[in-house]
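> Need coordinates for the below:
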Amino acid sequence: MELKEIKKIVQLMTENELSEFLLEDEACTLQLKRGSTVVTQVAAAPQAAAPLAAPAASAPAADAPDAENSADDGLVEITSPMVGTFYRSPSPDTDQFVEVGAEVSDDMVVCIVEAMKVMNEIKADVTGTIKKILVDNATPVQFGQPLFLVEPA
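Modelled structure (predicted):
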């Protein structure tokens, strides 16, 4: 399933005030729930270990905006459209997509979220300047989790 399809499903859920969505096929199962932090993607057993690292990785990101809440006013979040693993570069031996201070456009790829062995390119969907990177490389992320803060142009 492509990222655009998942975004479209989330948009339809919002527009139609649906609280749950379940899609099953031979390749994968996608379950989305609005109004809670539970989002499940059923995958092979190796991904079951990923949630163990999530609380430690998300705690610093959650604390940072509270500590500097006034400095973050007016910034736009780029959020994860799915559960997966966040990567700042296309491969370990290449440059990162963006750094703090980088200018981005709405169609520019800023990171990759790997879900079920599929590398999903995440686009900025906003034009501006990257002010903060909220997630460490190779860290598990949740649906809707802020990844970057951008000062809109």
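
> wait, what's in contact with Gln96?
Each residue near Gln96 by Cβ atoms under 8 Å, 6 or more residues apart in numbering is listed here: Arg88, Ser89, Asn137. To be clear about C-beta, it is placed using only N, CA and C from the backbone, and glycine gets the same treatment.

> Pick out the one among those with the largest number of neighbours.
Neighbour counts for the contacts of Gln96 (other Cβ atoms under 10 Å) peak at Arg88, which has 19 neighbours.

> Could you double-check that Glu77 sits in contact with Pro152?
No - counting by Cβ atoms under 8 Å, Glu77 does not reach Pro152; the two are 11.2 Å apart.

> These two: who's more crowded?
Glu77 (16 against 10).

> contacting residues around Thr127?
Val104, Ser105, Asp106, Pro152, Ala153.

> switch to 10 Å and redo it
Listed by Cβ atoms under 10 Å, 6 or more residues apart in numbering, the contact set of Thr127 reads Val76, Glu103, Val104, Ser105, Asp106, Asp107, Met108, Val150, Pro152, Ala153.

> rewinding a little: where do the contact lists of Glu77 and Pro152 overlap?
By Cβ under 10 Å, 6+ apart, the residues touching both Glu77 and Pro152 are Val126.

> buried subset of the contacts of Thr127?
Buried residues within the contacts of Thr127, defined by neighbour count using 16 or more other Cβ atoms under 10 Å: Val76, Val104, Met108, Val150.

> Nearest to Asp95, out of those residues: which one, please.
Of all these, Met108 has the smallest distance to Asp95: 14.0 Å, by Cβ to Cβ.

> now the strands: where do they sit in this structure?
20-24, 29-33, 40-42, 76-79, 84-87, 103-104, 109-115, 118-123, 128-133, 139-141, 146-152 (DSSP state E).
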